[in-house]
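Trainee: Have a look at this fold, sequence not included:
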């Protein structure tokens, strides 16, 4: 899922997201950001987030839990919820499972995430357990509030023109527990017991070692319900995606293709490429000779480097487009190889190729 | 002509420039900027500016004269040419008619502009005369140098795939003389005497009153050769364009649609619209209800305001697209009305509508 924090996947038009090059079926919006700006009144009046931004395909919104947690000293977490100061206007705000569900109903996203507490990757076992249990209580409150809102038809998600969407919101639970496998296991049990339309693994890719992340995935992913989507939040690099799929994960969101695109980093089938490097100044080749996206069909590394060095917006636009094409192509390749029974081969060849550039 | 200073029309992809919405047949590149960065070696090695940037349609390049003149105290003008310090790396550079022609041959632009000296709008008659006569001598040197370069096939402009372009460069002369009609008249005579493929009026829209600009156009445009394109450089607002056409001008370039788009100003059939204004916060209407561009078909003022207030790149992208669509549509309307003999009616209705918003 490309990340569309403030109701826009940064640096790219919706027409491009829908184009054959990218064909993104779902994007992510951030409840925290949209709640603070432009605010829920404006989005509700527009008829929900789909209509407000002009996107008929699927939308997933996070709960705001991760964003307020990221504020560090600027927020205060209690049993009831999280109090924090808005980064937009400094006002005191309060986010709880009930508020998050209400905001996400107004956004009308197709997939709603429960309000959870993320845990520091270096938290003790005791701290992590306390946090994980709070997440479990918040998950139950989220589900109750979500149910009431659905029953009263409060959500705006009934987009008539949507592509194959029911107009009914789905609710996903989130498994926490940092790197402690016993707590992850407990969190999984709590979450499945409450019961959700899909299950996410949260609290990874927040500073821990890669081995910790894959340790959690090895242990938890195979035990997640087989008949519901498995979503690994906030991950990751192309190799992380393929490795997580190998462990049973279905869905991902990550800012890497867009954020790194804006800072001059291209992801290619032969590894990362920093467009700022002088070695590309005269290089007439596309970013990735194996890529068929509109950027690689038309523009050279030399030109892209020139745009980047000149501070031109088009550098961000084109690198973002290519990076999203590469990530989405990778996932298309993953799905195809799974269908044809060739995933192990795909995984091996993909990984070998990635290190070819050695940059 | 959309302005593509550094080899990119800021904030828009070439695919959009070619799309039905915009269908820009020619864009402008700045010799000064491209010469300093990425430099002529890189562009020549790529096979010229068309190939370097990936644009097969027509390109006009200015001579760099206006840009170095704009440097003010940072440049020294002599009979030979202009010495200045690069804004990119501070190095001492020298631009002359011969250098400008050489650079523009390497760029391979379809329309090359002579190297001229612009004149301050508040210059005395004597200063203006001296400057205008220098421009005339530089025009002759430009034509001589251009001819030699053409004879030796030094230009890279022979793009095989180009749409209906001969691959031969054209050279345009520039009429100077500030607001002094007698000097403008002299400059016109000098320029026509040397003989060019097209004729431009330079040195307007550089701080003088509107009435001075239209005074010059009233006097000079009708006397320009009828069988060659007439190009008003660096102008202007939509109303300026229509008024200049009424006086006989054929071609324009201006940064207004792109630059103002990036600062939140939309041009519409009912006048300018500042997207920052709070009055648009809840407004579900498109920027311009009479506009059929992809931005107006899909996005509301409310959403565009949100993007702008959030500092999102997409605000620049979408406002730039709409503004270019409006300018290019205006010129399409002008051409159509001239062909059908309805230009006076078009001009009257266009002008009346522009003041409808009253912003």
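Mentor: Thanks, I have it. In this text, all values refer to a predicted model and were calculated from it rather than measured experimentally.
Trainee: so where does the closest residue to residue A:293 other than its chain neighbours fall, helix or strand?
Mentor: The shortest distance from residue A:293 to any non-neighbouring residue, by Cβ to Cβ, 6 or more residues apart in numbering or on different chains, is to residue A:325 (3.7 Å). The C-beta positions use only the backbone N, C-alpha and C, and glycine is treated the same way. Residue A:325 is located in helix A:313-339, with elements delineated by DSSP states H and E.
Trainee: before we move on, what about residue A:132?
Mentor: Using DSSP H and E, residue A:132 falls in helix A:125-151.
Trainee: following that helix, which helix or strand shows up next?
Mentor: Taking DSSP H and E, what comes next after helix A:125-151 is strand A:170-175.
Trainee: what about that following strand, average pLDDT?
Mentor: Mean pLDDT, computed over strand A:170-175, is 97.
Trainee: Does anything pack onto the following helix or strand past it? Which helices or strands?
Mentor: Sequence order places helix A:181-194 as the next helix or strand after strand A:170-175, per DSSP H and E. When contacts are defined as 3 or more Cβ pairs under 8 Å, 6 or more residues apart in numbering or on different chains; DSSP states H and E, helix A:181-194 packs onto helix A:125-151, strand A:170-175, strand A:198-201, helix A:210-220.
Trainee: what angle separates the first one from strand A:170-175?
Mentor: Per axes from the mean of the first three to the mean of the last three Cα atoms, to 10 degrees, the angle that helix A:125-151 makes with strand A:170-175 is 170 degrees.
Trainee: if we can go back for a sec, output the contacting helices and strands for the helix holding residue A:132.
Mentor: With contacts taken as 3+ Cβ pairs under 8 Å, 6+ apart, helix A:125-151 sits against helix A:97-107, strand A:170-175, helix A:181-194.
Trainee: Pipe the helices and strands packed on helix A:181-194 into JSON lines and attach mean neighbour count per row.
Mentor: Formatted as JSON lines, the helices and strands packed on helix A:181-194 follow (neighbours: other Cβ atoms under 10 Å in any protein chain shown):
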{"stretch": "helix A:125-151", "mean neighbour count": "18"}
{"stretch": "strand A:170-175", "mean neighbour count": "26"}
{"stretch": "strand A:198-201", "mean neighbour count": "24"}
{"stretch": "helix A:210-220", "mean neighbour count": "17"}
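Trainee: still on that earlier bit, tell me the angle whichever helix or strand comes after the helix holding residue A:325 makes with helix A:313-339.
Mentor: The helix or strand immediately downstream of helix A:313-339 is helix A:343-354, counting by DSSP H and E. For helix A:343-354 against helix A:313-339, the angle between stretch directions is 150 degrees (the same axes, to 10 degrees).
Trainee: residues in contact with helix A:343-354?
Mentor: Counting contacts by Cβ atoms under 8 Å, 6 or more residues apart in numbering or on different chains, the residues outside helix A:343-354 that touch it are A:238-239, A:242-243, A:245-246, A:269-271, A:330, A:333-334, A:337.
Trainee: give me that answer again for 6 Å
Mentor: A:239, A:242, A:246, A:269, A:270, A:271, A:337 (Cβ atoms under 6 Å, 6 or more residues apart in numbering or on different chains).
Trainee: if I read this right, residue A:273 contacts residue A:266, doesn't it?
Mentor: Yes - Residue A:273 is within contact range of residue A:266, at 4.5 Å (criterion: Cβ atoms under 6 Å).
Trainee: which of these two has more neighbours?
Mentor: residue A:266 (27 against 22; other Cβ atoms under 10 Å in any protein chain shown).
Trainee: my read: that one touches residue A:287, true?
Mentor: Yes - using Cβ under 6 Å, residue A:266 is in contact with residue A:287, at 4.7 Å.
Trainee: anything in contact with each of those two?
Mentor: What both residue A:266 and residue A:287 touch, as defined by Cβ under 6 Å, 6+ apart, is the set residue A:322.
Trainee: Name the residues of the lowest-mean-pLDDT helix or strand in chain A that are buried.
Mentor: Ranked by mean pLDDT, DSSP states H and E, the weakest helix or strand in chain A is helix A:65-70, scoring a mean of 91. Within helix A:65-70, the residues scored as buried using 16 or more other Cβ atoms under 10 Å in any protein chain shown are A:65, A:66, A:67, A:68, A:69.
Trainee: who touches it?
Mentor: A:32, A:75, A:82, A:84, A:95, A:115, A:116, A:118.
Trainee: how about the last one, what does it touch?
Mentor: What it means is residue A:118. Counted by Cβ under 6 Å, 6+ apart, residue A:118 has contacts A:66, A:69, A:203.
Trainee: what's in contact with stretch A:234-253?
Mentor: A:1, A:3, A:28, A:205, A:217, A:221-222, A:229-232, A:254, A:267, A:330, A:334, A:347, A:350, A:354.
Trainee: rerun at 7 Å
Mentor: A:1, A:3, A:28, A:204-205, A:214, A:217-218, A:221-222, A:229-233, A:254, A:256, A:267, A:327, A:330-331, A:334, A:347, A:350-351, A:354 (Cβ atoms under 7 Å, 6 or more residues apart in numbering or on different chains).
Trainee: Wait, a strand at residue A:231?
Mentor: Yes - according to DSSP: H, G, I helix; E, B strand; the rest coil, residue A:231 belongs to a strand.
Trainee: give me the beta-bridge partners of it?
Mentor: Bridge pairing for residue A:231 (DSSP bridges) gives the partners residue A:200, residue A:251.
Trainee: which element is residue A:35 on?
Mentor: helix A:31-36.
Trainee: How about that helix and chain B, any contact?
Mentor: No - using Cβ under 7 Å from any Cβ of the partner chain, we find that helix A:31-36 stays clear of chain B, coming within 8.0 Å at best.
Trainee: Now do that helix: which elements does it pack against?
Mentor: Helix A:31-36 makes packing contacts with helix A:97-107 when contacts are defined by 3 or more Cβ pairs under 7 Å, 6 or more residues apart in numbering or on different chains; DSSP states H and E.
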